[in-house]
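Participant: the amino acid sequence is not available; the structure is as follows:
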């Protein structure tokens, strides 16, 4: 069952959160005020950049995605918490500096999902519906319905935490399948052997392979995202 969850569905799920500001949020007014404008801006930028023609989805476009969508959106993720869920009982064995390197690789992987959605999926105003936020301290989560790659609507749930009056995502669930559960066998394959470097290299290779498509084109390479720079020299 886990294998039936397509990367495109995850990619679309990653793009849903910025639209949640349009729903009714029963949470502290200060928290809503700080996040609402950013959520709306991110979603509007997502829609705008998704409509760019395929011939113009080049390095300049990728740089804008990082600046206006992927970078700000990744800031909403509690990446260390997500990594802890992926590693399970192996989590305590991972020490610095390898932990920071692995957290970074996980972040770039989520960024890749965002790019994949904007490259391959018809993201539009009808992509999501039935938004609900439950931001209690006991079990905070965000629910929605997402139109999948084949036009099938699936349930989406973000498992979030509230830390220092900020909402952070620690995991997500698509069609009742949690991302951490779906991917944990891949992480455990390396973790059970203590092969942290092997795990980092495996994630990096997937990300490098994808981001190499942006190595050519565009005149302002000084603003090139770091993960694309790294992909272009590996």
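Facilitator: Structure received. Values in this document were obtained by computation on a predicted structure and should not be read as measured data.
Participant: ok, residue 103 to residue 83 distance?
Facilitator: Plainly put, residue 103 is 6 Å away from residue 83 if you go by C-beta to C-beta, to the nearest Å. Every residue, glycine included, has its C-beta placed from N, CA and C.
Participant: when those two are compared, which one has more neighbours?
Facilitator: Taking other C-beta atoms under 10 Å, residue 103 and residue 83 do not tie; residue 83 has more neighbours (20 against 15).
Participant: show me what the host helix or strand of the more buried one is packed against.
Facilitator: For residue 83, the element it lies in under DSSP states H and E is helix 79-87. Helix 79-87 sits against helix 98-120, strand 166-174, helix 179-191, with contacts defined as 3 or more C-beta pairs under 8 Å, 6 or more residues apart in numbering; DSSP states H and E.
Participant: residue 214: which of these is closest?
Facilitator: Of all those, helix 98-120 sits nearest to residue 214, with 8.8 Å by C-beta to C-beta.
Participant: next, the angle from the closest one to helix 179-191.
Facilitator: 130 degrees (axes from the mean of the first three to the mean of the last three C-alpha atoms, to 10 degrees).
Participant: was I right about residue 64 contacting residue 49?
Facilitator: Yes. At 6.5 Å, residue 64 counts as touching residue 49 under the criterion of C-beta atoms under 8 Å.
Participant: now do the shared contacts for the two.
Facilitator: Common contacts of residue 64 and residue 49 (C-beta atoms under 8 Å, 6 or more residues apart in numbering): none found.
Participant: before we move on, back to that, residue 79: which of the helices and strands packed on helix 79-87 is closest?
Facilitator: When the helices and strands packed on helix 79-87 are compared for distance to residue 79 using C-beta to C-beta, the nearest one is helix 98-120, at 5.0 Å.
Participant: now do the helices in the protein.
Facilitator: Secondary structure of the chain (DSSP state H): helices at 7-14, 29-50, 59-65, 71-74, 79-87, 98-120, 179-191, 196-211, 226-232.
Participant: let me have the ones you listed in a markdown table, adding mean pLDDT and distance to residue 161 as columns.
Facilitator: Output for the helices of the chain, formatted as a markdown table (pLDDT from 0 to 100; distance: least, C-beta to C-beta, whole Å):
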| stretch | mean pLDDT | distance to residue 161 |
| --- | --- | --- |
| helix 7-14 | 61 | 18 |
| helix 29-50 | 70 | 13 |
| helix 59-65 | 94 | 26 |
| helix 71-74 | 92 | 16 |
| helix 79-87 | 98 | 7 |
| helix 98-120 | 95 | 16 |
| helix 179-191 | 97 | 14 |
| helix 196-211 | 98 | 24 |
| helix 226-232 | 96 | 26 |
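Participant: need phi/psi at the closest residue in space to residue 50 that isn't next to it in sequence.
Facilitator: Closest residue to residue 50 apart from its sequence neighbours, by C-beta to C-beta, 6 or more residues apart in numbering: residue 123 at 4.1 Å. Backbone geometry at residue 123, expressed as degrees, to the nearest 10, gives phi -80, psi 120.
Participant: how many other residues sit next to residue 123?
Facilitator: Neighbour count of residue 123, defined by other C-beta under 10 Å: 21.
Participant: wait, doesn't it sit right on residue 46?
Facilitator: Yes. Because the distance of 6.4 Å satisfies C-beta under 8 Å, residue 123 is recorded as touching residue 46.
Participant: hang on, residue 221 packs against residue 58?
Facilitator: No. Taking contacts as C-beta under 8 Å, residue 221 lies outside contact range of residue 58: 11.6 Å.
Participant: before we move on, the earlier item: pipe the helices and strands packed on helix 79-87 into CSV and attach distance to residue 152 per row.
Facilitator: Formatted as CSV, those follow (distance: least, C-beta to C-beta, whole Å):
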stretch, distance to residue 152
helix 98-120, 16
strand 166-174, 11
helix 179-191, 18
